[in-house]
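A.B. asks: what's the 3D shape of this:
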Amino acid sequence: MRNAEQAAPVLTRADAEDFLYREARLLDEGHWREWQKLFMPDALYWLPSSAAPEVDPDNYISIIYDDMDLLNERLGRLESGACHAQIPSSRTLHMIGNVMVSAAENHVVVFSNQVIHEYRSNTQSRFYPLQAFPAHCEHHLRWHACEWKMAFKKVQLLNCDGEIFDLSFLI
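C.D. replies: Numbering: from 1, shown residues only. So this is what the prediction gives:
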């Protein structure tokens, strides 16, 4: 058993896939607080609104750019029942592929492609009942307290600079 001070183990592609599958399952099943525990306390969760690869989130508008305090507020709104954009609640299904692992100085970068399918049973014609959100994802994982944690998560939606009808669920 490793402790938090020991060097991180090698993260294989299979390990990275298992991490991503676990994250997807937590999101798909609505276990948001368990999903939140996958993040480091100083982590960032980012959905840029530009397809440009070198966009600086501090100087350009984002769809989401949450530190853990803002993510905690976001989860609180979803759990409160007062998040009217989520009535009825979305059901999601994440499909993950093209996983690649790259070592960095003090973390591991995991690249993947994902398609997030969202279904909402509703009668409002302005909403599409089934939507697909293809994305390039980047996770920076750090070894902390004997497990891999997200220090950074970026979801680059393929249509981030296009029309997005309703993105009120967790991606």
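A.B. asks: use CA for all of it now, contacts and neighbours both
C.D. replies: Will do.
A.B. asks: Quick one: the strands in this structure, in order.
C.D. replies: With strands called from DSSP state E, the chain shows them at 39-48, 62-67, 91-103, 108-119, 130-144, 147-157.
A.B. asks: Could you tell me how far the fourth one lies from the centre of the chain?
C.D. replies: Yep, that's strand 108-119 we're talking about. 8 Å (CA atoms, centre = their mean, to the nearest Å).
A.B. asks: Restricting the selection to alpha carbons, write it to CSV.
C.D. replies: Extracted in CSV, the C-alpha atoms of strand 108-119 (Å, rounded to 0.1, in the frame of the first residue of the first chain):
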residue,chain,number,x,y,z
VAL,A,108,-0.3,12.5,-16.1
VAL,A,109,-2.3,13.9,-19.0
VAL,A,110,-5.1,11.7,-20.3
PHE,A,111,-6.6,12.6,-23.7
SER,A,112,-9.8,11.0,-24.9
ASN,A,113,-12.7,11.5,-27.2
GLN,A,114,-16.2,11.4,-25.8
VAL,A,115,-19.7,11.6,-27.0
ILE,A,116,-22.1,12.5,-24.3
HIS,A,117,-25.7,11.7,-25.1
GLU,A,118,-28.4,13.6,-23.2
TYR,A,119,-32.1,12.7,-23.1
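A.B. asks: If you count contacts, what does the one helix or strand in the chain whose mean pLDDT sits lowest end up packed against?
C.D. replies: When the helices and strands of the chain are compared on mean pLDDT, DSSP states H and E, helix 68-80 comes out lowest with a mean of 85. Packing partners of helix 68-80 (3 or more CA pairs under 8 Å, 6 or more residues apart in numbering; DSSP states H and E): strand 39-48.
A.B. asks: Pull out the buried positions in the strand it packs on.
C.D. replies: For strand 39-48, the neighbour count (16 or more other CA atoms under 10 Å) marks 39-40, 43-48 as buried.
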